[in-house]
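Novice: return a 3D structure for these sequence lines:
(one chain, ligands or ions: 2)
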Amino acid sequence: MSEATPYSVLFEPVRIGPVTARNRFYQVPHCNGMGHIRPRAEAAMRGIKAEGGWAVVSTQETEIHPTSDLSPYAENRIWDARDMPALRLMTDAIHNKGSLAAIELAHNGNHAMNHTTRAPIFAPSDMSVDFSHPRQARAMDKSDIRNLRRWHRDAALRARDAGFDIIYVYAGHHMTLAHHFLQPHMNQRSDEYGGSLENRVRLTRELLEETREAVGDTCGVAFRFAVDDMLGSDGMQAAEEGRAVIEMLAELPDIWDVNVAGWDNDSATTRFQPQDGYQNDYIGFVKSVTSKPVVGVGRITSPDMMVSMIRKGVVDMIGAARPSIADPFLPVKIEEGRIDEIRECIGCNICVMADNIGAPIRCTQNPTMGEEWRRGWHPEKIAPKANETEALVIGAGPAGLECAMQLARRGYQVTLAEAGEEPGGRALRESRLPGLGAWIRVADYRLHDLRQRGNVQIFTQSHLGPDEVLELGIPNVFIATGAQWRRDGVGTNTQRQPPTIDADATILTPDDIMAGQTTPDGPVAIYDDDHAYIAGVLAEKLAQDGHRVVFVTPESLVSIFTTHTLEQHRIQTRLLELGVEIICNHTLAGVQPGGLQITCGFTSKASDIACNSALLVTERLRNTALYDALKDMGLKTLELIGDAAGPALIADAVYTGHMAARNFERSAVEVEKDWFRREIVSLTDGATG
Ligand code: ADP
Ligand code: SF4
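Specialist: Numbering: from 1, shown residues only. Ligands and ions are numbered 1, 2, ... in the order given. Just a heads-up that it's a prediction; the model follows:
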C-alpha cells in the first residue's frame, strides 16, 4: 500500500519469533473436510488464501500420532515422514504467494476415537471418550506423557522440514490433551501433572519449551489457547484461571492465538451471537499480560472494527477462519480500497457442517470454497464470455442472483427478472426471521455487484410467463424460480403413509408465515420433517408472537441437522425457555380442525394434540411450470438452477447458480468429461516410508 489510508495499520508487518508476517491478517486453523484424504484440494484452498492476502495461513488440526486418529473426519496428519509430501504441497502453495504457513499440531486425547488405528485412547485420568460411544480412555502414566512429548517434538521437526514457518501447541476447544490436562474436571491426577494450576499447566509448558527448543531457531511457536470455557464458574474463566495460565506462560510462545471454548462458542452462529467481534470481551486482556503478539477471532469482517481492535490494543493480528472462507480475498480488497466488494460471512456454519459430516468444505457465500483444485475455480476470476450473447435469469433468489452476477462478470448482457417487489428470494424472506438477519448479506453482496455493472438490467415485480420470455427474444434462459413448502404433510417419514388432512383444518406452511399471513389465535402445532433450521426458527417466532406452540418431530432432537452447525443445543434450549412443548419420535398421521393426530415412531401408539392451526414443515415442491412450458420452444439454453432444480440449502442454490454461469457455453460433453478432479488413493505399498 503506497499511500496511507484508514486501513494502513492493517498492513504493517508483525514479527513472530524468527519469522515475519507481511501484514496483520492471520488465517487461524480451520477444519475443511479435506485434510490428509484430499491434500491437493486443501493445498490449493490454502494457496488461494495466501493469494488473497492472508499473511499467515494455517492448516487445520494435524494429528501427531496414530493414538490421535480422528477418523472418520478428514483432518491433517503428520504421523511420520510419509505424511510430509502432502503437507509440502500446502506449504509450497502458501509460500508461492508470499505468506507464512502455520501448522496446528494436535494430540486429541479422548476426543480422538482411534477408529482406524484401534490404538489405546489417552486422557489425563480414566474417563469415557468424548462421544456417545462405548469406549474409554485410559489415564496416561509417566511413560505415556514422555511418549506424547516425544511425538509432539518429532512432529514439530517434521513440520519444520515440510516447510512450515509457525508451529502450534494447541490447548483449545476441549479437543486436545494439552487442554484436557488444564481442565480440573478431566484432570484428577495426584502427581505433578494434576491438582494445582501450576501442575495442570505443566504438560503445556513442556510442549511449548520442547517445541521451541526443537524448531524455535527457524520457526515461530504459536500457542492456541481458549481463555474461557464459557461455562461460568463450571469452567476456566478469562478473569481467573484463563488469565493465570497466560501469566504463567506469557513469554514462552512467539504468538498467542486466543479464543473461547468449545467450538460452538468459538464458531458461534449469527443466530445466537449476532455481534461481530464477539470474543473481544474475553480476549481483550491478553495483550496486557504478554509482550508477544496476540491474534484473536470473532467473525471479524468489518475493516473499521479491525482497525479499532488494533488501535485499542485488543490484538496485534486479525484472526479469521469463517471470514477467510467467505472471502479469501478480504485482505487484498481492503488493501485496494474495495471495501464494498467484501463477501461477508453470514455466520451460518455450513462450512462447519461439511467438516462435521466428513465432506469437503463449502460456504454459503463463497461457492468456490473447496473447489479450487478439483474444479479449478478461483473466487475472483472467471473465464470471459465465449460469444456476444445475452442471458435471461428468472428469479432473483440466491441461485438467480449468483448466476446473474457471474454471467455479468463474464461479460454477457444479463437481464434478471424477479416476480417479487424486492430481489433476494429466500435470503430476503428468511433474513426477516428471528436471528437470521445477517443472511440478507447473501442478497446484498450480489445485488451491490450487479448494480455496479452496465451490462445488467434488473426488473422487479416482473412475473414472467412463457409468452413474456419468448417475447423478450433472449436465447439463453436460466430458471431460478425456487420451490414452495408442501401443504400435505408429506415428507421423509410420511412417504409410505401420507397424513389425512381435513379440508377444513387450518394448515400453514413456512411460506405463509414468511409472507406475513396471520396465524390464527391460539395454539399452533408445528410438524417438522425437514430437520434443518426453519421449523425451529418459526417455533421461536410464533412463541415470541404469543402463541402456545407444540413442536412435533419424528427425530429424537429438535432441528437435528443443526448439530452439524453447532446450534442444536442452543435451539432446543431456546424453545424450551420460550415454553414450547417438544414431542420427539412422533410422526404426523392427520390434521383436523382443532387438532393433530400423531403416532409414536416406535410403538405406533396414536395421540391427539389440540391446536387451532398446524404448521407443516416437511418438503418443498419445485416451481418448474415455467421451465416445463419453455421446453421445446427453441431456446438455445434453458437451464433450471437452485431450489427449482433441487430444493436444498441456500449454499446449494448459490452453488448451482455459480456452476451454471461457469458452464455456460461449454458443451455437455466437455462439462461431463471433467466433472471434477479426484484424489485417487495411491496403490503403491504404504508399508515403508
Ligand atoms: P433459490 O434458492 O433457488 O434462489 P428462491 O426461492 O430463493 O430460490 O428464489 C426464487 C425467486 O424466483 C423468488 O424470489 C420468486 O419470487 C422468483 N420467481 C418465481 N417464479 C418467477 C417467475 N415466473 N418470474 C419471475 N420471478 C419468479
Ligand atoms: Fe460464513 Fe456460512 Fe460461509 Fe461458513 S458457510 S464461512 S459461516 S457464510
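Novice: what about residue 516, how many neighbours?
Specialist: Neighbourhood size, residue 516 [other Cβ atoms under 10 Å]: 8. To be clear about C-beta, it is placed using only N, CA and C from the backbone, and glycine gets the same treatment.
Novice: what distance do you get for it to residue 506?
Specialist: Computed as Cβ to Cβ, to the nearest Å, the residue 516 to residue 506 distance reads 16 Å.
Novice: next: residue 10.
Specialist: 55 Å.
Novice: excluding chain neighbours, what is closest to residue 60?
Specialist: In space, residue 60 comes closest to residue 31 once its chain neighbours are excluded; the distance is 4.5 Å by Cβ to Cβ, 6 or more residues apart in numbering.
Novice: what sits against the one you found?
Specialist: By Cβ atoms under 8 Å, 6 or more residues apart in numbering, the residues touching residue 31 are 60, 61, 73, 75, 352, 355, 361.
Novice: and residue 284, by the same measure?
Specialist: So residue 284 contacts residue 314 (Cβ under 8 Å, 6+ apart).
Novice: output the set of residues of this protein in proximity to ligand 1.
Specialist: The chain has residues 394-400, 417-420, 425-426, 462-464, 480-482, 623, 626, 642-644, 653 near ligand 1, with proximity defined as Cβ under 6 Å from any ligand atom.
Novice: can you tell me which of the residues you listed are buried?
Specialist: Buried members of these, counted by 16 or more other Cβ atoms under 10 Å: 394-400, 417-420, 425-426, 464, 480-482, 623, 626, 642-644, 653.
Novice: quick check: residue 166 touching residue 223?
Specialist: No: between residue 166 and residue 223 there is no contact under Cβ atoms under 8 Å: 10.7 Å.
Novice: which neighbours do these two have in common?
Specialist: In contact with both residue 166 and residue 223: residue 255, using Cβ under 8 Å, 6+ apart.
Novice: give me the neighbour count for residue 251.
Specialist: The burial count assigned to residue 251 is 9, neighbours taken as other Cβ under 10 Å.
Novice: residue 291 is in contact with that one, correct?
Specialist: Yes: between residue 251 and residue 291 there is a contact at 6.6 Å, judged by Cβ under 8 Å.
Novice: and the gap between whatever residue of the stretch 51-200 of the chain ends up closest to ligand 1 and ligand 2?
Specialist: Proximity of the stretch 51-200 of the chain to ligand 1 (Cβ to the nearest ligand atom) peaks at residue 52, 26.4 Å away. Distance from residue 52 to ligand 2, counting by Cβ to the nearest ligand atom, to the nearest Å: 14 Å.
Novice: offset the numbering so it begins at 821, please.
Specialist: With 821 as the first residue, the last one maps to residue 872.
Novice: hmm, back to that, what secondary structure does the residue nearest to residue 880 sit in?
Specialist: Under DSSP: H, G, I helix; E, B strand; the rest coil, the three-state class of residue 851 is coil.
Novice: tell me the mean pLDDT over stretch 1472-1484?
Specialist: Stretch 1472-1484 shows a mean pLDDT of 98.
Novice: care to break this structure down by domain?
Specialist: Domain ranges of the chain: 828-1176, 1210-1302+1443-1493, 1306-1441, per automatic domain parsing.
Novice: distance to residue 1199 for those - can I get that in JSON lines?
Specialist: Listed next are the domains of the chain as JSON lines, based on distance: least, Cβ to Cβ, whole Å:
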{"stretch": "domain 828-1176", "distance to residue 1199": "5"}
{"stretch": "domain 1210-1302+1443-1493", "distance to residue 1199": "10"}
{"stretch": "domain 1306-1441", "distance to residue 1199": "22"}
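Novice: quick one: closest of those domains to residue 1200.
Specialist: Among these, the nearest to residue 1200 by Cβ to Cβ is domain 828-1176 (5.4 Å).
Novice: where does the protein dip in pLDDT?
Specialist: 821-822, 1506-1509 (pLDDT under 70).
Novice: quick check: the gap between the nearest residue to residue 1390 once chain neighbours are set aside and ligand 1.
Specialist: Once flanking residues are discounted, residue 1390 sits nearest to residue 1092: 5.0 Å by Cβ to Cβ, 6+ apart. According to Cβ to the nearest ligand atom, residue 1092 and ligand 1 sit 24 Å apart.
Novice: what sits against residue 1092?
Specialist: Going by Cβ under 8 Å, 6+ apart, residue 1092 touches 1255, 1387, 1390.
Novice: helix, strand or coil for it?
Specialist: coil.
Novice: among the contacts of residue 851, name the ones in strands.
Specialist: Residues of the contacts of residue 851 located in strands (DSSP state E): 880, 881.
Novice: among the contacts of residue 851, who's most crowded?
Specialist: Counting neighbours by other Cβ under 10 Å, residue 881 leads those with 31 neighbours.
Novice: shouldn't that one be in contact with residue 932?
Specialist: No: using Cβ under 8 Å, residue 881 is not in contact with residue 932; the gap is 9.9 Å.
Novice: shared neighbours of the two, anything?
Specialist: With Cβ under 8 Å, 6+ apart as the test, residue 881 and residue 932 both reach residue 890.
Novice: returning to that earlier point: quick one: residues contacting the residue of the stretch 871-1020 of the chain closest to ligand 1.
Specialist: Contacts of residue 872 by Cβ under 8 Å, 6+ apart are 1144, 1147, 1148, 1149, 1150, 1151, 1152, 1199, 1200.
Novice: residues making contact with the helix or strand where the first one lies?
Specialist: Under the criterion of DSSP states H and E, residue 1144 resides in helix 1142-1146. With contacts defined as Cβ under 8 Å, 6+ apart, helix 1142-1146 is touched by 847, 850, 869, 872, 874, 1087, 1119-1121, 1150, 1163-1167, 1171, 1181, 1183-1186, 1189.
Novice: thinking again about what came up before, how about the domains of the chain, which one is nearest residue 1500?
Specialist: domain 828-1176 (10.6 Å).
Novice: ok, the residue nearest to residue 903 when sequence neighbours are not counted to ligand 2 distance?
Specialist: In this structure, residue 903 finds its nearest non-sequential neighbour in residue 897, 5.0 Å apart by Cβ to Cβ, 6+ apart. Using Cβ to the nearest ligand atom, residue 897 is found at 24 Å from ligand 2.
Novice: what pairs with residue 897 across the strands?
Specialist: residue 883 (DSSP bridges).
Novice: now for it: which residues touch it?
Specialist: When the contact criterion is Cβ under 8 Å, 6+ apart, the partners of residue 897 are 855, 856, 882, 883, 903, 906.
Novice: got the residues you listed as a markdown table, with distance to residue 1363 and neighbour count columns?
Specialist: Below are the contacts of residue 897 laid out as a markdown table (distance: Cβ to Cβ, whole Å; neighbours: other Cβ atoms under 10 Å):
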| residue | distance to residue 1363 | neighbour count |
| --- | --- | --- |
| 855 | 41 | 25 |
| 856 | 45 | 19 |
| 882 | 44 | 28 |
| 883 | 43 | 26 |
| 903 | 50 | 21 |
| 906 | 49 | 21 |
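Novice: which two of these have the greatest separation?
Specialist: Taking Cβ to Cβ, the two most distant members of the contacts of residue 897 are 883 and 906; they sit 12.6 Å apart.
Novice: unless I misread the structure, residue 1416 falls within a strand.
Specialist: Yes: counting by three-state DSSP, one finds residue 1416 located in a strand.
Novice: do I have it right that it meets residue 1408?
Specialist: Yes: taking contacts as Cβ under 8 Å, residue 1416 lies within contact range of residue 1408: 6.6 Å.
Novice: what's the closest non-adjacent residue to residue 1133?
Specialist: That would be residue 1107: by Cβ to Cβ, 6+ apart, it lies 5.3 Å from residue 1133.
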